[in-house]
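Trainee: Here is my input, please return the structure:
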Amino acid sequence: METPGLVHGEAAPFSTALRSLINNPQYSDVCFVVGQEQQEVFAHRCLLACRCNFFQRLLGAEASSGVPSPVVLSTVPAEAFLAVLEFLYTNSVKLQRHSAPVSFPLPVTGSVHTHCGLERNVCPPREKSGYLSQLCLEFVMKVLDVELVCEALQVAVTFGLGPLQERCIAFIEAHSQEVLRTRGFLELSASALLPLLRSDKLCVDEAELVRAARSWARVGAAVLERPVAEVAAPVVRELRLALLAPAELSALEEQNRREPLIPVEQIVEAWKCHALRRGDTARGAPCRRRRGTLPREHHRFLELPFK
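Mentor: Now for the predicted structure:
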């Protein structure tokens, strides 16, 4: 609602002027040390305090304690923090699809949710579409592709961003084979991989999923310096081994002896489905076909069609 008598000047020059103050030591009265690189970032207390309750509390506590600058925020990536400042100073932020991962809006989104509270403080509730976190999420969802989707899924799972997680899973379901071959897939955490392996809509055959799970576990084992079977334990239960043909199951069993990945009892359960010529209706999922499951002769005995 317009205020009577209130006139507006041009917004662009005003925004440009404020943008020139971002990380500008001239006239600044607070210095932040951000990220693991301990980068110095200069800012202006009054502007941060009036735009964001988080900074109002932070800078008020810092001033009352008598502790001088700099203010240390070691867990916030420098690029993300600068993007947050850009939004606070200008009410806009430049997001680029092909930036390096650390400067992409995913870390911005995480920092917003865990540190700055901008989704609650920059805009009043009725203007939710203007929250910085929401703007970043909308941008990420628009530009999702095979190379980005696993990184986005990891951020969504880590910070509890439900809509982004749903969008990422839907994208992976439609592009399963391509995504499984990406580096991002190998770098997923177990908690991010689990919802994928539980999906009936993956457009990939179970044999390929088993191979992808083994590659994922090998990478995790190397990074964490733990046994492959230990790293794989949280996720391999979601593999549907009964969908494999007897020859494939035998080959998997032999490989499992050389490099343990799957608990022996899980393989035994798969053999039971073959021996009994039926799926275990009590458990259901281990025999339920996915969208990309290739047909095999024994599937007609499972009586558990894709849902």
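Trainee: what about Ala192, how many residues close to it?
Mentor: 21 (other CB atoms under 10 Å). (Each C-beta comes from the backbone N, C-alpha and C, glycine too.)
Trainee: A helix includes it, no?
Mentor: Yes - counting by DSSP: H, G, I helix; E, B strand; the rest coil, Ala192 is part of a helix.
Trainee: ok, it to Ala232 distance?
Mentor: 15 Å (CB to CB, to the nearest Å).
Trainee: try Val155
Mentor: Counting by CB to CB, the gap from Val155 to Ala232 is 23 Å.
Trainee: repeat for Arg214
Mentor: From Arg214 to Ala232 the distance is 8 Å (CB to CB).
Trainee: and the two? which has more neighbours close in?
Mentor: More neighbours surround Ala232 than the other of Arg214 and Ala232, with 25 against 20 (other CB under 10 Å).
Trainee: burial measure for Ser74, as a count.
Mentor: The burial count assigned to Ser74 is 10, neighbours taken as other CB under 10 Å.
Trainee: Tell me the spacing between it and Phe32.
Mentor: On the measure of CB to CB, Ser74 and Phe32 end up 10 Å apart.
Trainee: Same check on Val223?
Mentor: Separation of Val223 from Phe32 (CB to CB) stands at 31 Å.
Trainee: So between the two, which is more surrounded?
Mentor: Phe32 (24 against 11).
Trainee: In this structure that one contacts Val71, no?
Mentor: Yes - counting by CB atoms under 8 Å, Val71 is a contact partner of Phe32 at 5.0 Å.
Trainee: residue contacts, Ser250?
Mentor: Counting by CB atoms under 8 Å, 6 or more residues apart in numbering, Ser250 touches no other residue.
Trainee: Can you check the pLDDT for it?
Mentor: On pLDDT, Ser250 comes in at 96.
Trainee: where does this protein have low pLDDT?
Mentor: 1-2, 62-68, 96-131, 278-285, 303-307 (pLDDT under 70).
Trainee: so where's the longest helix in it?
Mentor: For the chain, the longest helix by residue count, based on DSSP state H, is helix 206-224.
Trainee: I'd like to know which elements it is packed against.
Mentor: helix 176-180, helix 183-186, helix 190-197, helix 228-236 (3 or more CB pairs under 8 Å, 6 or more residues apart in numbering; DSSP states H and E).
Trainee: Show me what counts as buried in the last one.
Mentor: Neighbour counts using 16 or more other CB atoms under 10 Å place Val228, Ala229, Val231, Ala232, Val235, Val236 of helix 228-236 among the buried residues.
Trainee: same deal with stretch 208-216?
Mentor: Applying 16+ other CB under 10 Å to stretch 208-216 flags Glu208, Leu209, Val210, Ala212, Ala213, Arg214, Trp216 as buried.
Trainee: coming back round to it: what's the overlap in contacts for Phe32 and Val71?
Mentor: Going by CB under 8 Å, 6+ apart, no residue sits against Phe32 while also sitting against Val71.
Trainee: check contacts around Thr293.
Mentor: Residues near Thr293 by CB under 8 Å, 6+ apart: Asp205, Glu206, Leu243, His299, Phe306.
Trainee: how about 7 Å then?
Mentor: Asp205, Glu206, Leu243 (CB atoms under 7 Å, 6 or more residues apart in numbering).
Trainee: Pull out the buried members of these.
Mentor: For those, buried by 16+ other CB under 10 Å: Asp205, Glu206, Leu243.
Trainee: Closest one of the residues you listed to Leu95?
Mentor: Proximity of these to Leu95 (CB to CB) peaks at Asp205, which lies at 36.6 Å.
Trainee: The closest one and Gln56, how far apart?
Mentor: In terms of CB to CB, Asp205 sits 55 Å off from Gln56.
Trainee: the strands in the stretch 51-200 of the chain, which residues?
Mentor: For the stretch 51-200 of the chain, strands defined by DSSP state E, counting those that start in this stretch occupy the ranges 71-73.
Trainee: Quick check: closest non-adjacent residue to Glu206.
Mentor: Nearest non-adjacent residue to Glu206, counting by CB to CB, 6 or more residues apart in numbering: Leu243, 4.3 Å away.
Trainee: swap in Pro70?
Mentor: Nearest in space to Pro70, with sequence neighbours left out and distances taken as CB to CB, 6+ apart, is Cys31 at 4.1 Å.
Trainee: Tell me which residues touch the one you found, please.
Mentor: Glu40, Phe42, Ser69, Pro70.
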